[in-house]
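Visitor: Got a predicted structure plus its sequence, pasted below:
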There are 2 protein chains.
Amino acid sequence: MKRLLEEKDAFHDKCRERGLKLTPQRLAIYEAMRYSKEHPSIDMVYQKIKKKFPRISFDTVYRTLITLCDIGLVKPVEGYGYTRRFDPNTGQHHHFHCVKCQKIVDFYDQTYDRLTAPSKIAPGYKILSKKVVVEGLCPDCS
Amino acid sequence: MKRLLEEKDAFHDKCRERGLKLTPQRLAIYEAMRYSKEHPSIDMVYQKIKKKFPRISFDTVYRTLITLCDIGLVKPVEGYGYTRRFDPNTGQHHHFHCVKCQKIVDFYDQTYDRLTAPSKIAPGYKILSKKVVVEGLCPDCS
DNA sequence: TTACAAATAAGAATTATTACTATATAGTTT
DNA sequence: AAACTATATAGTAATAATTCTTATTTGTAA
Ligand SMILES: [Mn+2]
Ligand SMILES: [Mn+2]
Ligand SMILES: [Zn+2]
Ligand SMILES: [Zn+2]
């Protein structure tokens, strides 16, 4: 109980600090995310919130999740949300992705090639690929 | 000239080997990909091909790119083509992605945390994030 | 309490992906 | 060379994901 109140206050403060209004929708979306372990999509959050706020709009969930990213309370899962791309280079290499112009640039790095399976992945998981995702700005965009 | 002929033959052989017909559309799509460095999306390939084959359908490009992946001549760029997901865990960690049920599982690995910037990325690139994404099958799916 | 900038709901528009089906054709058989 | 047939294609529709528009409501500061 006490924790929930403190948390609400912390969220309140964070919003004030950024000049954002503390709306019931925002609080509900933040709380739906807060202890979530499932890395939900926009629609997953929308479906969940709708149970308590039947009139909430998808767009509000959409905008609010982006707002929460902007203020650093949640993060977009890296490597998701981009359209499918194809590569004729089937050899071992890695990619740099420019988050502004969406350019994908090949690079070669032996350290990355040699990465071993993560030690903390529990048995039972079958690993098919292992990839370093490097995101940032290309020279044209920075 | 000689190279182009050999290449066409190599593609021809690969198709025969897999029982696939060598259609002009397939060849055009393969050739559009072959020396491409831009990691094109389906639509980028479609727009390019349309200049030579004004009547080609988007669906043909779509299916053919998947076919080329199946026979190993191109690869989908890993980590693209999934819907956007969000994460309340803003600390340093990594993700396992189940390619079957789309579950995303956190894991922690100091070796991965310590990865340095790729040495082969030219100066001028501004790196914003660097993260290892492991894909495979979770215990429920394997 | 009032004023007003910011946020919301509702729905439309846009873009991305996948599915369907009648027709055409590559590769084979005659 | 002509006929056959399984596969591939064009054209289009359906579905899913993302982003935008607008009228209305609401949180906050004065
Ligand atoms: Mn590449
Ligand atoms: Mn996570
Ligand atoms: Zn760029
Ligand atoms: Zn799974």
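Guide: On my side now, so go ahead. Ligands and ions are numbered 1, 2, ... in the order given.
Visitor: Next, the buried residues of whichever strand or helix holds A:Thr111.
Guide: Using DSSP states H and E, A:Thr111 maps to helix A:110-113. By neighbour count on 16 or more other C-beta atoms under 10 Å in any protein chain shown, the buried set for helix A:110-113 is A:Tyr112. In this view, the C-beta of every residue, glycine as well, is placed from N, C-alpha and C.
Visitor: Any part of it near chain B?
Guide: Yes: using C-beta under 8 Å from any C-beta of the partner chain, helix A:110-113 reaches chain B at A:111-112.
Visitor: how far does that helix sit from the chain's center?
Guide: When C-alpha coordinates are averaged (C-alpha atoms, centre = their mean, to the nearest Å), helix A:110-113 and its chain have centres 25 Å apart.
Visitor: could you point out which element follows that helix?
Guide: strand A:126-137.
Visitor: still on that earlier bit, show me the contact partners of the helix holding A:Thr111.
Guide: For helix A:110-113, the surrounding residues in contact (C-beta atoms under 8 Å, 6 or more residues apart in numbering or on different chains) are A:92, A:94, A:132, B:115-116, B:118-119.
Visitor: Same check on stretch A:32-51?
Guide: So stretch A:32-51 is contacted by A:7, A:25, A:28-29, A:56, A:58, A:61-62, A:65, A:68, A:73-74, A:77, B:83-88, B:95, B:103-104, B:106 (C-beta under 8 Å, 6+ apart).
Visitor: same question for the helix holding A:Thr111, mean pLDDT?
Guide: Across helix A:110-113, pLDDT averages out at 91.
Visitor: Could you list the alpha-carbon positions for that helix in CSV?
Guide: C-alpha atoms of helix A:110-113 as CSV (Å, rounded to 0.1, in the frame of the first residue of the first chain):
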residue,chain,number,x,y,z
GLN,A,110,35.9,-11.0,-34.8
THR,A,111,35.1,-10.3,-31.1
TYR,A,112,31.4,-10.3,-32.0
ASP,A,113,31.8,-13.4,-34.2
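Visitor: Could you work out the end-to-end span of stretch A:131-142 for me?
Guide: Distance between the two ends of stretch A:131-142: 24 Å, counting by C-alpha to C-alpha, to the nearest Å.
Visitor: burial of A:Pro139, as a residue count?
Guide: 12 (other C-beta atoms under 10 Å in any protein chain shown).
Visitor: still on that earlier bit, if you look at the contacts of stretch A:32-51, which of them are in strands?
Guide: Counted as lying in strands by DSSP state E, out of those, are B:86-87, B:95, B:104, B:106.
Visitor: Now the buried members of the residues you listed.
Guide: B:86-87, B:95, B:104.
Visitor: Let me know the closest of the residues you listed to DNA strand C.
Guide: Lowest distance from DNA strand C to those (C-beta to the nearest atom of the strand) belongs to B:Phe86, with 15.8 Å.
Visitor: Verify the stated contact: that closest one with A:Lys75.
Guide: Yes: under the criterion of C-beta atoms under 8 Å, B:Phe86 makes contact with A:Lys75 at 7.1 Å.
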